[in-house]
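Coordinates for the following, if possible.
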Amino acid sequence: MARRRIGQEDLIARSEPRAASSLAELAALLDWHEIDRALTGISAAEKGELGWPPVALFRALLLATWHDLSDVRLAEALDDRTSFRRFCGFAAHEPVPERTAFVRFRRELVRRGLDRALFEAVTRQLEAKGVMVRTGTLVDATLIPSASIRHDGEARWAGHRRRKPTHGYKAHVATDEGAGLVRGVEVTTANVHDAAELERVLPPEPGDVYADSSFTGGLAERVIIGRGGRPRTVWTGIWGRGPEALVRLEAHNAAVQRVRCRIEKV
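Numbering: from 1, shown residues only. Below is the predicted model of the structure:
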C-alpha cells in the first residue's frame, strides 16, 4: 500500500521534555492497534502521491479536538511543536501534512462512518484507564453558521437575544469537567433547542452537570437526575423576595459560571 514512512529519525528515541510528558502518557494509555485496524484502506492508494499513515492523521485530529485547533492551526502546530510531532509519530525534520490532508481525511472518516465509532473507542479506552474522572460534566450548545445561505437547503435560522439570527447548525457538546475531554457530540439544525440533545450527549454517571439557563428545569433536569447526576445550572428567576434572595441567587450563578465557562473553549 502506498503510504509514507514517518518517524525514521532520532526524535522518537530522545528523552522527552517535561512539557511533552502529559501527551506521551496519554498516548501510552491508548490501544493504537485497535484504531489502526479500523483505518485499514484509508490513504493507501496504489497510484499517485504517497498517503499519510492514517493513524498519524487520526492522532493529529485528536490533538485538534483537545487543543481547540482549526486545520490551519493544527498544521502550523505540527510544524513546530515537538510534543505534537512526537504524539503523531513524526520525526524532527521530516515534512508533516498540510491542512488539506486533514480535510480529506476527516471527510473520509465521515463517509465510512468511522468518525463517531473511533471517537467512542478513544473515549471508552480512556474511561477504562480512569483518565476521565467522573467529578462532573459540562454541557453546552453552540451555533455554527452555514457556508452558504442560498445553497444550503438543510440549514435553518435561529434567533439569539444578543446577536443577529444565524442560518446554520448547532453543535450539542458534553465534556468531562476535570480533563475537558469531549464525552458526547450531536449536530442539529440551528433552530433546535439547546437542551434537546442532552439525553444523547450526556454520559452515564455524569456527576454534577454544569450548564447555562437553557438547561434549567423541566425535561433537562429530569434527564440529568435520571442518569444519577445533579443539575448545577444557571438560574434567571429570583429565589424568593428581598435582597437576601438576590444575594443567594447571584452567589449560586457565580459558582456555576466559574466551572461552566470552561466548555466555551471546547
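
and stretch 242-260, what's its mean pLDDT?
For stretch 242-260, mean pLDDT is 89.

Centre of the chain to it, how far?
29 Å (C-alpha atoms, centre = their mean, to the nearest Å).

Likewise for stretch 65-78?
The answer for stretch 65-78 is 13 Å, by C-alpha atoms, centre = their mean.

contacts for it?
60-61, 63-64, 84-85, 88, 90, 96-99, 102-103, 180-182, 265-266 (C-beta atoms under 8 Å, 6 or more residues apart in numbering). Using the backbone N, CA and C atoms, a C-beta is placed for each residue, glycine as well.

Show me what counts as buried in that stretch.
65, 69, 71, 74-75, 77-78 (16 or more other C-beta atoms under 10 Å).

still on that earlier bit, put the buried members of the contacts of stretch 65-78 into a ChimeraX selection.
Typed into ChimeraX, the line below selects the buried ones among these, using 16+ other C-beta under 10 Å:
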select :60,61,63,64,84,85,88,90,96,97,102,181,182,266
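
So which of the contacts of stretch 65-78 are in strands?
residue 182 (DSSP state E).

quick one, helices of the stretch 1-150 of the chain?
21-29, 32-38, 54-66, 71-80, 82-88, 99-111, 114-128 (DSSP state H, counting those that start in this stretch).

In PDB, please show the C-alpha coordinates belonging to the fifth one.
By that I understand helix 82-88. What follows is helix 82-88, C-alpha atoms only, in PDB (Å, rounded to 0.1, in the frame of the first residue of the first chain):
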ATOM      1  CA  THR A  82       8.000  18.800  19.300                       C
ATOM      2  CA  SER A  83       5.400  17.300  21.600                       C
ATOM      3  CA  PHE A  84       2.800  17.300  18.800                       C
ATOM      4  CA  ARG A  85       5.200  15.700  16.400                       C
ATOM      5  CA  ARG A  86       6.100  13.000  18.900                       C
ATOM      6  CA  PHE A  87       2.500  12.200  19.700                       C
ATOM      7  CA  CYS A  88       1.700  11.700  16.000                       C
END
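
Packing partners of that helix?
helix 21-29, helix 54-66, helix 71-80 (3 or more C-beta pairs under 8 Å, 6 or more residues apart in numbering; DSSP states H and E).

what do you get for the longest one?
When contacts are defined as 3+ C-beta pairs under 8 Å, 6+ apart, helix 114-128 sits against helix 32-38, helix 99-111, strand 182-189.

try 7 Å this time
Here helix 114-128 touches helix 32-38, going by 3 or more C-beta pairs under 7 Å, 6 or more residues apart in numbering; DSSP states H and E.

what residue ranges in the stretch 151-266 of the chain score low on pLDDT?
Filtered on pLDDT under 70, the stretch 151-266 of the chain yields the residue ranges 161, 179, 238-240.

where exactly do the strands run in it?
156-158, 166-176, 182-189, 208-211, 230-233 (DSSP state E, counting those that start in this stretch).

just so I know, which of those strands lies nearest residue 25?
strand 166-176 (16.5 Å; C-beta to C-beta).

ok, how many other residues are close to residue 146?
By other C-beta atoms under 10 Å, the residues close to residue 146 number 19.

so who does it touch?
152, 155, 167-169 (C-beta atoms under 7 Å, 6 or more residues apart in numbering).

And it, what's its pLDDT?
pLDDT, read off for residue 146, is 92.

Distance of it relative to residue 169?
As judged by C-beta to C-beta, to the nearest Å, residue 146 and residue 169 stand 7 Å apart.
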